[in-house]
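*Asks:* below are the sequence and a predicted model; questions follow.
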Amino acid sequence: MSKYIIAITGASGSIYGKRIIDILLDIGHDVHLIVSKTGSQVISHELNIPYGNFIDGFNYSQNLHVESEDNFFSPVASGSFKTDGMIIIPCSMGTLGKIAGGSSDNLIVRSADVCLKEKRKLIICPRESPYNSIHLKNMLALNDSGACIAPISPGFYNFPKTLTDIIDHHCSRVLDLLDIDNEHTIRWGR
Ligand SMILES: Cc1cc2nc3c(=O)[nH]c(=O)nc-3n(C[C@H](O)[C@H](O)[C@H](O)COP(=O)(O)O)c2cc1C
């Protein structure tokens, strides 16, 4: 089984991060989860989980490794710890800007920097609207450095009926980018 780093930041849409983690754990993959400080507040607000206990909202699994945003001694801070890629979902404009600027000043930004330098897959799912030119330039810089920008923007061509359909469709398309087999979307032409 493979190892993935999943980061949840303080952008709206923490349900997407939770869903992708649940899918990866269900398949049996290892997940190293990093949640930013604001990310844990937004999880609490949007998923109605008491603040400070965000982990209670995730299905328990021995394959889930929770990493502190401040812990640069974590394995995922080093390129010598091999992973199969990283997904930042949802990604705030703040974290996106820090990665583009190379600041590496928390474990999310450092792990993303490591993925780029090691030529590993980095999928960034920004959530903001509208974008200003700083956001757009940062996204272009990250794309040019090897990241894949996969914005959270729902599609309606498969006639979603529930919020779960919409969330699963995006999560499934993101997992496709990492070549992770999954059956959580209705594929066009099937
Ligand atoms: C309820 C809530 C929703 C937010 N939604 C967004 C958002 O969709 N996109 C965004 O870029 N920032 C959003 N923010 C602001 C970020 O949380 C803020 O810029 C923070 O500094 C991001 O830090 P982080 O990237 O370390 O999590 C939101 C904040 C709150 C409290």
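*Replies:* Here it is on my side, so go on.

*Asks:* list the buried ones in stretch 62-79?
*Replies:* Buried residues in stretch 62-79, counted by 16 or more other C-beta atoms under 10 Å: L64, H65, E67, E69, S74, P75, V76, A77. No exception for glycine: its C-beta is placed from N, CA and C like everyone else's.

*Asks:* can you tell if that stretch touches the ligand?
*Replies:* No - no part of stretch 62-79 sits near the ligand under the criterion C-beta under 6 Å from any ligand atom; the closest distance found is 7.6 Å.

*Asks:* average pLDDT across that stretch?
*Replies:* Along stretch 62-79, the predicted local confidence has a mean pLDDT of 96.

*Asks:* which residues does whichever residue of the chain sits closest to the ligand contact?
*Replies:* With C-beta to the nearest ligand atom as the measure, G10 is the residue of the chain nearest to the ligand, at 2.6 Å. By C-beta atoms under 8 Å, 6 or more residues apart in numbering, the contact list for G10 reads S36, K37, T38, G39, Q41, V42, S92, G94.

*Asks:* try 7 Å
*Replies:* For G10, the contacting residues are S36, T38, G39, Q41, V42, S92, by C-beta atoms under 7 Å, 6 or more residues apart in numbering.

*Asks:* let me have those residues in JSON lines, extended by neighbour count.
*Replies:* Formatted as JSON lines, the contacts of G10 follow (neighbours: other C-beta atoms under 10 Å):
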{"residue": "S36", "neighbour count": "23"}
{"residue": "T38", "neighbour count": "16"}
{"residue": "G39", "neighbour count": "25"}
{"residue": "Q41", "neighbour count": "16"}
{"residue": "V42", "neighbour count": "22"}
{"residue": "S92", "neighbour count": "23"}
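
*Asks:* columns secondary structure on top of the buried residues of stretch 62-79, output as CSV?
*Replies:* Formatted as CSV, those follow (DSSP: H, G, I helix; E, B strand; the rest coil):
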residue, secondary structure
L64, strand
H65, strand
E67, strand
E69, coil
S74, coil
P75, helix
V76, helix
A77, helix
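
*Asks:* quick one, strands of this structure?
*Replies:* Applying DSSP state E to the chain gives strands spanning 3-8, 30-35, 64-67, 86-91, 122-126, 148-149.
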